[in-house]
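Novice: Just need the structure, nothing else, for what follows:
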Amino acid sequence: MTSVHPGVPIIVLTGVEDDEVAVNTLQMDVQDYLPKGTLDGNLLVRSIRYSIERQRSVEALRNSEARFRRLSESGIIGISYFDVKGRIVDAN
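Specialist: Take a look at the predicted model:
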């Protein structure tokens, strides 16, 4: 599932109350999953707030990763990653 408007949080409201469906849905860039039978005003407000914050966190992480990628690929600064035994596992 791809959003027509990236950056807009998506909440799925469904008649299916199944943990596997919920997990699969959340793996598709959906911020929350609500079964219709359990919906009330407080839960909906919580879900909307959570979805907005989760979307902001995902965007912040993507931006941070992009900045780091640009820095490491620029070659201006040498960056190496070591494992716990001191061996290089990655470098630019």
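Novice: switch to C-alpha atoms for all contacts and neighbour counts from now on
Specialist: Will do.
Novice: The host helix or strand of D90: partners in the sheet, and parallel or antiparallel?
Specialist: For D90, the host element (DSSP states H and E) is strand 88-91. In the sheet, strand 88-91 lines up against strand 80-82 (antiparallel) (DSSP bridges).
Novice: circling back: not counting the strand holding D90 itself, show me its contacts.
Specialist: With contact meaning Cα atoms under 8 Å, 6 or more residues apart in numbering, strand 88-91 is reached by 78-83.
Novice: and those as JSON lines, adding distance to E17?
Specialist: Output for the contacts of strand 88-91, formatted as JSON lines (distance: Cα to Cα, whole Å):
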{"residue": "G78", "distance to E17": "50"}
{"residue": "I79", "distance to E17": "47"}
{"residue": "S80", "distance to E17": "46"}
{"residue": "Y81", "distance to E17": "43"}
{"residue": "F82", "distance to E17": "44"}
{"residue": "D83", "distance to E17": "43"}
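Novice: gap between M28 and D40?
Specialist: Applying Cα to Cα, to the nearest Å, the value for M28 to D40 is 24 Å.
Novice: Also L34?
Specialist: Relative to D40, and taking Cα to Cα, L34 is found at 10 Å.
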